[in-house]
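Colleague: Predicted model and sequence follow; I will ask about them next.
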Amino acid sequence: MPTKVFYNGTQVTGEPFVSRSFQPVDYGNRWGMAETVTLNGVVTGVYKPLIGYPDHDNDAGNAGGQETKPTGLTHFITDVFKTNFQSLQVKEGNTVYYDWPSAVVESVDFEESKWGIGSPVKYTVKLKSNDIFSSHPVLEPSDSYSFTENEDGTVDVTHKVSAKGIKTGSVSPFERARQFVDQYVGVDHYESTWLSSPYFVTNKKPTLLSRSENVNRLEGSYSVTEIYKYYKDSNNTSACSECENNQWQGDAQNFSNEDQCRAYYGCALTTPYLKTVKINQNKNASDEFNTVNYDVEYKGGLDDSNSIQNLRTVVNTETSSTHRTYEKEIAQELLGSSSLHNKVYQVSISLQEDDAANKLSVKTVYQTGDTPLTNPYFDYKVDLSKDEITDICTYSINGELKSFGNLETKKSLLKNFKDANYETIETYLHGKITSSKAFEVFGNETCANCDNGRWADNYASLTACRTAQGCTDRVVNPYPKTLKWNENPNKATISLNAEFSDADYVANSVNAKYAVSVTSSKGLYKELPSANVEGLFVLQDLNCQTATNTKVTVNGDAPHKGPHVNTFDSNYKTADILALETLRSLKDAVIDEIVPNDPKYYNNNSLYSYAREKVEESDDTQFPYTFSINEGYLHTPTTNNSDVLDKFKFGNELGFTSNITNYQRPDGYKFGY
């Protein structure tokens, strides 16, 4: 019984000779065997197709099927092998000697011929069949990783999985390829299934950034390419004793999940993420603080369904007051130590969230300075103006309280400032002026051995140096002439404006002034009638003078605010009592100068010509504690008191005229004439 060859259930004509060859298929190990089957046969050039076989003859007139075509049975050979992945069998009767269930037709060749009718034509058909030992019926499988180390400390990882499928049963080649690729997609190089770590690149757990696929259904091939990234110096070890093994559930912080706990304690999250930081510092010689732009981008893996939520947890933790991660990183990079984070404070922050890309972007602006910025600071300037006639300097201070943080933080800092300085704001502003360069350089008297920092060589302070060198310190009145407090509680801002001067002042009182009114002595004359001429009168000089009338008036106020408003002295005297006593002391000091209680200041030190009598005294008080004190005296002239003349100029610049000071009767005086 002859041996026959069948492909897809159709006998192959020409009784082909069958030959086989084998080639191992290795992908790391022996994957399978690739078998090539070659059919060599001969067909004649006679071909009489029957009607109704449209692939062979479409001519309805050839109903008898007697037409002979020059191509012969070669047409039949090409028709048989026009499909792939069909069974190829070698049979003898009903006995199957060889069976290839899914053969691929690689080529159908005919020898060169003139194709005469009835002439024999040799053909060769090559088919390929794969005997795959692996559980994956695919060819050209690939599961590769490539590592690229970048200058910024990151490592890019490219993971590519691909295969070419083999049709088995009813499953298509493409489906077989896809099934194989899907088993390896998403398995990164850090997992335990990875055979080994890279040799030259630090190995860390990566974050999946992108995934792409390539489909070729005609060839039955499928591939997926994944891009990962990680930082060489990242902390992505999974150990976290405070949070793992459900420890986070009993933590005092009441975390809602393990990743929130891990973020709080600085551990790696269960799913890694990328954090990219960009720092830009702007320095200006005229600014007290440096401005820092701190931009952060958080990128979660595409395979992490909770990525955005986890990133929110990280951002909330790093920006919290208990962690101050951004401030510490800025301090480390720009100030040399993370412990100086109290000199870094936030001015503004904005956040942009891209849920589809699993990305959070944070843009912040910070300020850095030489002093800690956790407390507010008073940003001010001092202006100086000087009256060259009176030699009185006026200092104007204008400034704004600046603080950092969110609105609630600023409100809290504003409240703390007011609690500490509201009752003593005059003292606070006065201290800013007396420590300013405007006062030290222009307002105070020059002192060559102490100015421009020279005092630091031998003295503890500028004041101590000036005292030792005999330089005069000008004193700025601690009570402001004007004070303006402008507060915006909604924005948590305060602006302060005040004006001080170095004019003379009296402690414990404000607006202290005194006035001296003197009515000088004058001669007394009396009108007398003539003894012998009716209607004639003469003026008689009584040879005496009226007493000098001197009145002293002192006005002033008690401080309504400031360092004395709620204080008492050792005798528990309140601010208004202290002010009244101070003004009375001022009045007594003026009286002692104007109307001394000592005969030597009156009329050439003559005891007999000395007279001094208080004729008026009053204390007037008007709430809130405005005082007016008056005291008046009748007394003999004090014009011979040169000390008094030096302090108080009455009459002309040289003193009173001689006819007032000389009140004794002249020689030869005749009474009545």
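Modeller: Looks like it arrived, so ask away.
Colleague: CA atoms for contacts and neighbours, from now on please.
Modeller: Will do.
Colleague: tell me the average confidence for the helix ranked longest in the chain?
Modeller: Counting residues, the longest helix found in the chain (DSSP state H) is helix 575-594. Model confidence over helix 575-594 averages 88 on the pLDDT scale.
Colleague: Show me what secondary structure element comes after it.
Modeller: On the C-terminal side of helix 575-594, the closest following helix or strand by DSSP states H and E is strand 612-622.
Colleague: between the very next helix or strand once past that following strand and strand 612-622, how big is the angle?
Modeller: Moving toward the C-terminus from strand 612-622, the first helix or strand encountered (DSSP H and E) is strand 626-635. If you take axes from the mean of the first three to the mean of the last three CA atoms, to 10 degrees, strand 626-635 sits at 170 degrees to strand 612-622.
Colleague: now strand 626-635, how far from the centre of its chain.
Modeller: 64 Å (CA atoms, centre = their mean, to the nearest Å).
Colleague: Residues contacting it, please?
Modeller: Contact with strand 626-635 is made by 547-558, 580, 583-584, 587, 595, 610-621, as judged by CA atoms under 8 Å, 6 or more residues apart in numbering.
Colleague: Would you list the buried entries among these?
Modeller: Applying a neighbour-count criterion of 16 or more other CA atoms under 10 Å, the buried members of the contacts of strand 626-635 are 547-558, 580, 583-584, 587, 595, 610-612.
Colleague: Going by neighbour count, list what's buried in the longest helix of the chain.
Modeller: For helix 575-594, the buried set under the neighbour-count rule, 16+ other CA under 10 Å, comprises 575-576, 578-580, 582-584, 586-588, 590-591, 594.
Colleague: Give me the packing partners of it, helices and strands only.
Modeller: For helix 575-594, the elements it packs on are strand 548-557, strand 626-635, judged by 3 or more CA pairs under 8 Å, 6 or more residues apart in numbering; DSSP states H and E.
Colleague: Repeat the analysis, applying 7 Å as the threshold.
Modeller: Using 3 or more CA pairs under 7 Å, 6 or more residues apart in numbering; DSSP states H and E as the contact criterion, the secondary-structure elements in contact with helix 575-594 are strand 548-557.
Colleague: The nearest residue to residue 489 once chain neighbours are set aside and residue 449, how far apart?
Modeller: Of all residues not flanking residue 489 in the chain, residue 411 sits nearest, at 7.5 Å (CA to CA, 6 or more residues apart in numbering). In this structure, residue 411 lies at 46 Å from residue 449, with CA to CA, to the nearest Å as the measure.
Colleague: Looking only at neighbour counts, state which of these two leads.
Modeller: When residue 411 and residue 449 are compared on other CA atoms under 10 Å, the one with more neighbours turns out to be residue 411, at 18 against 14.
Colleague: hang on, the more buried one packs against residue 490?
Modeller: No. Under the contact definition of CA atoms under 7 Å, residue 411 does not touch residue 490, with a separation of 8.5 Å.
Colleague: joint contacts of those two?
Modeller: Common neighbours of residue 411 and residue 490 (criterion: CA atoms under 7 Å, 6 or more residues apart in numbering): none identified.
Colleague: biggest strand in this protein by residues?
Modeller: Assignment by DSSP state E gives strand 95-110 as the longest strand of the chain.
Colleague: Which neighbouring elements make contact with that one?
Modeller: Strand 95-110 is packed against strand 86-92, strand 121-132, with contacts defined by 3+ CA pairs under 7 Å, 6+ apart.
Colleague: CSV please, covering these and showing mean neighbour count.
Modeller: Supplementary listing: those in CSV, determined by neighbours: other CA atoms under 10 Å:
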stretch, mean neighbour count
strand 86-92, 18
strand 121-132, 20
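Colleague: pLDDT value on residue 329, please?
Modeller: What the model reports for residue 329 is a pLDDT of 90.
Colleague: Next: residue 615.
Modeller: At residue 615 the predicted local confidence, pLDDT, stands at 92.
Colleague: How about residue 63?
Modeller: pLDDT, residue 63: 49.
Colleague: for residue 219, same thing?
Modeller: Note on residue 219: pLDDT of 84.
Colleague: And residue 142, by the same measure?
Modeller: In this model, residue 142 is scored at 85, pLDDT.
Colleague: Quick check: which element contains it?
Modeller: strand 138-149.
Colleague: what about residue 573, neighbour count?
Modeller: Neighbours of residue 573 under the rule other CA under 10 Å: 12.
Colleague: hang on, it in a strand?
Modeller: No. The assignment for residue 573 by DSSP: H, G, I helix; E, B strand; the rest coil gives coil, which leaves it out of any strand.
Colleague: host element of the most far-flung residue of the chain relative to its centre?
Modeller: Computed with CA atoms, centre = their mean, the residue of the chain farthest from its C-alpha average is residue 532, at 110.8 Å. Here residue 532 sits in a region with no helix or strand, counting by DSSP H and E.
Colleague: how much space between residue 426 and residue 433?
Modeller: If you go by CA to CA, the gap between residue 426 and residue 433 works out to 11 Å.
Colleague: er, residue 280 I mean
Modeller: With the distance defined as CA to CA, residue 280 ends up 36 Å from residue 433.
Colleague: neighbour-wise, which of the two wins?
Modeller: When residue 280 and residue 433 are compared for neighbours, residue 433 comes out ahead with 24 against 10, by other CA under 10 Å.
Colleague: who's in contact with that one?
Modeller: Contacts for residue 433 were tallied using CA under 7 Å, 6+ apart; they are 382, 439.
Colleague: tell me which element it falls in.
Modeller: With DSSP H and E as the criterion, residue 433 is inside helix 425-434.
Colleague: for the nearest residue to residue 496 once chain neighbours are set aside, what are its contacts?
Modeller: In space, residue 496 comes closest to residue 485 once its chain neighbours are excluded; the distance is 5.0 Å by CA to CA, 6+ apart. Residue 485 sits next to 495, 496, 497 when contact means CA under 7 Å, 6+ apart.
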